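Q: quick one, structure for this:
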Amino acid sequence: MELEEIMTVWKQMSHQLEKQEKLTKEIILQMTQQRYSTIFSKVFTIESMAAIISYVIAFVLIFNLYKLDTWYLMTCGILTLVALFTLPLLVLRSLGRIRDFDIGNRNYKETLIEYIKLKKKLLLLQQFISYTSFVLMFTSLAAISKIISGKDFFLMEKAGWLYALIVIVLVFLFFFVRWGYKGYLKITASAEKVLLELEEGEET
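A: Here you go, the predicted model:
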């Protein structure tokens, strides 16, 4: 085989190897994107169901808003409505952005920086909701109590068991929001691990 033929065959092989390497990287990137998105898909479904429940409660509250016959009960009702309508939307919007984040649209460093921004926004939102849930518990309790029983929660005589129940609910709520926030920390850490694996694949 002459030198020119050898060079031609070598170029063809190099070109085929480059195409194969490019195709392999694209496949790895697609698989990584799928793994990454799947991490957030389950929690997005759960939050969507929670949003539906929130909207149902909100509409029930709207139709009974007229029963809140004092300014402070009306304030509790309106605050509860605002929370029930806006918080689920904010969570789904933030989750949707981080779930649908295109990891192959930029280089690795830019991808990681953008992901960290989205992660911080999501975790900050969860912290805000954690604190807000304690306030929402009292506003919703006052509004629902008036709608169901017709009694003003702030003026009615409260038995000892009711105080005990409120304490139990507060303790449960504390551990629940703590568990939920830890879950978000775990999920975002898993997604970040997937991105770090992508960097290792590029280095090899």
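
Q: which parts of the protein are strands?
A: For the chain, applying DSSP state E gives no strands.

Q: which intervals of it have sub-threshold pLDDT?
A: Counting by pLDDT under 70, the chain has low-confidence residues at 1-25, 199-204.

Q: what residue is smack in the middle of this structure?
A: Central residue of the chain (C-alpha atoms, centre = their mean): Leu95, 4.0 Å from the mean position.

Q: that residue: what's it in contact with?
A: Leu95 makes contact with Phe40, Val43, Phe44, Glu47, Leu122, according to C-beta atoms under 8 Å, 6 or more residues apart in numbering. Bear in mind the C-beta positions are built from the backbone N, C-alpha and C, glycine included.

Q: now Ser190
A: So Ser190 contacts Ile39 (C-beta under 8 Å, 6+ apart).

Q: try the one 5 residues further on
A: Neighbouring residues of Leu195 by C-beta under 8 Å, 6+ apart: Thr32, Tyr36, Ile103, Tyr108, Thr111, Leu112, Tyr115.

Q: phi, psi of the third one?
A: Ile103 has phi and psi values of phi -80, psi -10 when expressed as degrees, to the nearest 10.

Q: which non-adjacent residue is nearest it?
A: Among residues not flanking Ile103 along the chain, Thr111 sits closest, at 5.2 Å (C-beta to C-beta, 6 or more residues apart in numbering).

Q: repeat for the second one
A: Here the nearest residue to Tyr36 in space, its sequence neighbours aside, is Val194; by C-beta to C-beta, 6+ apart that works out to 4.9 Å.

Q: my read is that that neighbour contacts Thr32, right?
A: Yes. Counting by C-beta atoms under 8 Å, Val194 does reach Thr32; the two are 6.1 Å apart.
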